[in-house]
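A.B. asks: Got a predicted structure plus its sequence, pasted below:
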Amino acid sequence: QVQLAESGGGLVQPGGSVRLSCVASENIYTIFSMGWHRQAPGKQRELVAFITSEDITTYADFVKGRFTISRDSAKNTVYLQMNSLKPEDTAVYYCSRGHEDYYGNYLPIGSWGQGTQVTVSS
C-alpha cells in the first residue's frame, strides 16, 4: 500500500504564499497522476489541482492563476505552490494518486494521507 505524507502547511497572512509537499513511499509518479485536494470545516473535500504522468496540469477555477502543481519524480514528491492566498483557502490539504476517466476527470484511488492544515488569516 502506497503511503502519502503531506507537509508544509501553517498560518499565512492573506496575500501570502506557502508551498506544500507530498512524499510517496515509493516511486509512483511515472505511473499515476497526482492530485491535491482540500477540505474546509463543514464542507466536502474538493479537488484543487492534478498533474498527469506526462506533466499535464489541471486546476480548479477557484485557484487558477494562484496555485501551481509540480512534481519531482527523483524525490517521489509532488508540490503545491500557493500564492495570493485568501481566507477562503483555509482548509486541510491532502494529496492523492489517481488516474483520469474517459472524460479527463481525475479519480483518486488508494488511501489518503493525514493532510496538512493551511490557515489564511491576519
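C.D. replies: In hand now; what should we look at? Quick caveat, the model's predicted, so the values are computed rather than measured.

A.B. asks: quick one: the closest residue to Ser53 other than its chain neighbours from Glu54, how far?
C.D. replies: Closest residue to Ser53 apart from its sequence neighbours, by CB to CB, 6 or more residues apart in numbering: Thr30 at 5.7 Å. C-beta coordinates here come from the backbone N, C-alpha and C atoms, glycine included. Counting by CB to CB, to the nearest Å, the gap from Thr30 to Glu54 is 10 Å.

A.B. asks: got it, and Gly35?
C.D. replies: Separation of Gly35 from Glu54 (CB to CB) stands at 15 Å.

A.B. asks: quick one: which of the two has more around it?
C.D. replies: Taking other CB atoms under 10 Å, Gly35 and Glu54 do not tie; Gly35 has more neighbours (23 against 7).

A.B. asks: helix, strand or coil for the more buried one?
C.D. replies: strand (DSSP: H, G, I helix; E, B strand; the rest coil).

A.B. asks: List the contacts of it.
C.D. replies: Leu47, Val48, Ala49, Phe50, Ile51, Cys95, Ser96, Arg97, Gly98, Tyr106, Pro108 (CB atoms under 8 Å, 6 or more residues apart in numbering).
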